[in-house]
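Colleague: A predicted structure for the sequence below; I have some questions about it.
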Amino acid sequence: MTLRRETPAGMRRAAARTALVAAPMGESAVRVGGATVTWREGRVVCDCPMGDAPACLHRLVAHGDERARDLGGRAGPTEPPPVVFPEPSKAEPLPAEDAARFAPILAEVDALMAEVVTLGLRRAARVSGDRVRELAARATAMRPRSRGPRDAGLGRIARALERLAALLPALDGPDAGAAEADALRELAITRNLGRALRANTGALPLEDIAGASQRAYVEVPPIEVQGLGLEAWVAAGGVAGVTAYVAVLGEDRVLARTLLTKGKPARPADPRAWAEGLAAGPAFARSGITMRDLSRGRFALSGARIALSHGRLSGSRATSVVMRPALPLGDARLAQHVLAGPKDAARLVRSLGFDALGRPPRSSPIVVLPVQGLSPSDFDHATQALSLRMRASAGVELRTSLSFREERSLLFDNLEVLSRAARPPRFLCVRLAREGGALVIEPLSAMLADGTTLDLTLDVVDPTLEVTR
Amino acid sequence: MIAERLSRLARAAIEELAAAGALERTEHRALSFRRLAADARAIGLFDLATRLEAVAAALDAQAGLGPQPNAALAEALLASYDRIEALSARLARSELLAAFGAEDDDDTEAP
């Protein structure tokens, strides 16, 4: 396929910006706007007035669809297309010049850690907040030298300190316990980053320990994704957003596409007040595909941009999107993302690892759990935790306990209704995580027996589902 | 003591010390960390035991430092936290594998 090489740059830019999408018309044709693009004997033909030219806008729009079709053909009709992602950054040492200019700040960071731990986070929240912010700003200012490695900065330490600074005010709030645990985690990450920078063994990519910038999105080959679930969330410090999770077909990778609120929501505990607008927002610029669409449908993406080290999907306008029929969550093409048996558990359990440097996982720890039954949930007022038992398959019962937080109140209400419903959901989209060190299986979305999907952190589960037991 | 209980108790002690600081109840806290270190040693978690013992020693030294920042305490406490996080991750993996009847071949001590 040489369409890209033959196409003027201006036309490619227009194709990237266009709102046109390719609608399938049988096996070998798609409708793009008012034109029909057909594949004939390995050639792409368009019936528009530019049909005789080497390329046209309609063929470019259809191109993503066609590339995905090629890949699917090679792999066979039921196999997902093979995907080869670019290699992550290579390990390299920090140049001596950078190690020398970072040393004074690292020494100050150590002194700050000693002060905060000795005083305790509760006191430090009152007396050390300014120093934390000041050091974060100075670390941020340590940008890479013009001729130095791209990631030879102190961005990772700066961001850990910024997160710590954002958590300190919450130590006086209603969720002080959770904020203390999060702040301790940031202290530990800051300490470990400082040690790794000083050790400077060259065993890790600089992106992992230094990291000048958060934005490291790279374009990947055409991929096909299937939505698994949608989550509304509020992070410590008040940042809130909605994330759609999509499985990359043919890869054991789940990507996250996130939209954030502009500023902190006034009522973070009521996601219906701020999250619905984000869920209806564009998953990709000018695509017409909403975040909720992305979280439920199947799409062929061309020109997708991904932060490989974070597993995040960009909403870049350069990404063209072609809708496909959604896969049922029990489809064989999603097998790598389903937790149904011992082999799945052995594979998916890797997401529960601990990373001392606080590096985000390359794949979101989101899995599909086939459900045979749910036991009525139980809320313990003493521990403020909701217990839930899920029967995943014959003889396999999973227990989980979720700690109450204000922003989880809708999720708790929904789980209390859903776990008492006459018919259990067929599938749950769950996050595998640890809370207070313990395994947590957190349901995010539920697919009911009638095919309805409920996003448990946004939607209100119909109370008529409830039955008395 | 089983690893799950030790993990919970040690995490609670570490979080409590991090939140409250080392300027009060120092002797009592040092004693708690020594007990936890002994428990960790008793079940073969020697690396964790060493880190917890170092927290206790740093707390002992705090009396001589007064309100001065204690770099050894920060180092020992945050290193203990890392060991507990690694142990918790291992236990969480084991729990999920056990639920599905899968074998857990990770019998190493938390790094």
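Modeller: Ah, there it is. Numbers count the residues shown, from 1 in each chain, chains lettered A, B, ... in the order given.

Colleague: Identify the spatial nearest neighbour of the residue of the stretch 101-250 of chain A found nearest chain B, chain neighbours not counted.
Modeller: Nearest residue of the stretch 101-250 of chain A to chain B (CB to the nearest CB) works out as A:Gly120 at 2.4 Å. (C-beta placed from N, C-alpha, C; glycine too.) Ranked by CB to CB, 6 or more residues apart in numbering or on different chains and with sequence neighbours excluded, the top spatial neighbour of A:Gly120 is B:Gly21, at 2.4 Å.

Colleague: do the same with A:Ala285
Modeller: A:Arg317 (3.7 Å).

Colleague: So the one you found is in contact with A:Gly303, correct?
Modeller: No - contact criterion CB atoms under 8 Å: A:Arg317 and A:Gly303 do not qualify, at 9.2 Å.

Colleague: the more surrounded of the two?
Modeller: A:Gly303 (20 against 16; other CB atoms under 10 Å in any protein chain shown).

Colleague: Go ahead and confirm the more buried one touches A:Thr319.
Modeller: Yes - the criterion here is CB under 8 Å, and A:Gly303 meets it with A:Thr319 at 4.9 Å.

Colleague: mind checking the SS state of A:Ala178?
Modeller: Recorded secondary structure, A:Ala178: helix (DSSP: H, G, I helix; E, B strand; the rest coil).

Colleague: contact partners of the helix or strand harbouring A:Ala100?
Modeller: Under DSSP states H and E, the secondary-structure element containing A:Ala100 is helix A:96-119. The list of residues contacting helix A:96-119 from outside it, by CB atoms under 8 Å, 6 or more residues apart in numbering or on different chains, reads A:94, A:124, A:127-128, A:131-132, A:135, A:138-139, A:142, A:144-145, A:148-149, A:152, A:154, A:157, A:161, A:187, A:190-191, A:194, A:197-198, A:200, A:210, B:18, B:21-23, B:62, B:67-71, B:73-74, B:77-78.

Colleague: as a whole number, average confidence for it?
Modeller: Helix A:96-119 comes out with an average pLDDT of 96.

Colleague: just stretch A:149-164 next, same as before
Modeller: The pLDDT scores in stretch A:149-164 average 93.

Colleague: List the buried residues for it?
Modeller: By neighbour count with 16 or more other CB atoms under 10 Å in any protein chain shown, stretch A:149-164 contains the buried residues A:149, A:151-164.

Colleague: which one among those gets closest to B:Ser32?
Modeller: Nearest to B:Ser32 among those is A:Leu164, at 25.6 Å by CB to CB.

Colleague: what's near enough to touch that closest one?
Modeller: Counted by CB under 8 Å, 6+ apart, A:Leu164 has contacts A:132, A:183, A:186-187, A:190.

Colleague: ok, and which of these reach chain B?
Modeller: For chain B, the contacts drawn from the contacts of A:Leu164 by CB under 8 Å from any CB of the partner chain are A:183, A:187.

Colleague: May I see the contacts of A:Leu164 arranged in a markdown table, with pLDDT as well?
Modeller: Formatted as a markdown table, the contacts of A:Leu164 follow (pLDDT from 0 to 100):
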| residue | pLDDT |
| --- | --- |
| A:Val132 | 96 |
| A:Ala183 | 95 |
| A:Glu186 | 96 |
| A:Leu187 | 97 |
| A:Thr190 | 97 |
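
Colleague: Quick one: mark the members of the contacts of A:Leu164 that sit in strands.
Modeller: Counting by DSSP state E, no part of the contacts of A:Leu164 is found in strands.

Colleague: So, low pLDDT: which residues of chain B?
Modeller: Where chain B drops to pLDDT under 70, the residues are B:1, B:105-111.

Colleague: quick check: longest helix of it.
Modeller: helix B:71-99 (DSSP state H).

Colleague: Can you get me the centre-to-centre distance for it and its chain?
Modeller: Computed by CA atoms, centre = their mean, to the nearest Å, the chain-centroid distance of helix B:71-99 equals 8 Å.

Colleague: Now do it: which elements does it pack against?
Modeller: helix A:96-119, helix A:176-199, helix A:342-348, strand A:396-403, strand A:427-435, strand A:438-447, helix B:3-20, helix B:46-65 (3 or more CB pairs under 8 Å, 6 or more residues apart in numbering or on different chains; DSSP states H and E).

Colleague: ok, the closest residue to B:Ala19 other than its chain neighbours - contacts?
Modeller: Distances taken as CB to CB, 6+ apart put A:Glu180 closest to B:Ala19, at 4.6 Å, once the chain neighbours are dropped. Residues near A:Glu180 by CB under 8 Å, 6+ apart: A:121-122, A:171, B:15, B:18-19.

Colleague: Among those, name the buried ones.
Modeller: Buried among the contacts of A:Glu180 (16+ other CB under 10 Å): A:121-122, A:171, B:15, B:18-19.

Colleague: List just the nearest of these to A:Arg12.
Modeller: Ranked by distance to A:Arg12 (CB to CB), those are led by A:Leu171 at 51.4 Å.

Colleague: And the pLDDT for the closest one?
Modeller: Taking A:Leu171 on its own, its pLDDT is 88.

Colleague: I'd like to know how many residues surround the closest residue to chain B within the stretch 351-469 of chain A.
Modeller: Using CB to the nearest CB, A:Gly437 is the residue of the stretch 351-469 of chain A that sits closest to chain B, at 3.3 Å. A count of neighbours around A:Gly437, defined by other CB under 10 Å, yields 21.

Colleague: Pretty sure it sits against B:Arg8.
Modeller: Yes - assessed by CB under 8 Å, A:Gly437 is found in contact with B:Arg8 at 6.9 Å.

Colleague: Now do the residue of chain A positioned farthest from its centre against A:Val396, distance only.
Modeller: Residue farthest from the centre of chain A, counting by CA atoms, centre = their mean, is A:Asp52 at 42.8 Å. Distance, A:Asp52 to A:Val396, using CB to CB, to the nearest Å: 62 Å.

Colleague: What of B:Asp60?
Modeller: 49 Å.

Colleague: go on, A:Val368?
Modeller: According to CB to CB, A:Val368 stands 15 Å off from A:Val396.

Colleague: again with A:Gly297
Modeller: 30 Å.

Colleague: Quick check on A:Trp39: phi, psi?
Modeller: Main-chain torsions, A:Trp39, degrees, to the nearest 10: phi -100, psi 120.

Colleague: er, A:His381 I mean
Modeller: Per degrees, to the nearest 10, the backbone of A:His381 is at phi -70, psi -30.

Colleague: where's the residue nearest to A:Cys429 when sequence neighbours are not counted relative to A:Val430, distance?
Modeller: In space, and not counting its chain neighbours, A:Cys429 is closest to A:Gly229: 3.3 Å by CB to CB, 6+ apart. Using CB to CB, one obtains 8 Å as the distance from A:Gly229 to A:Val430.
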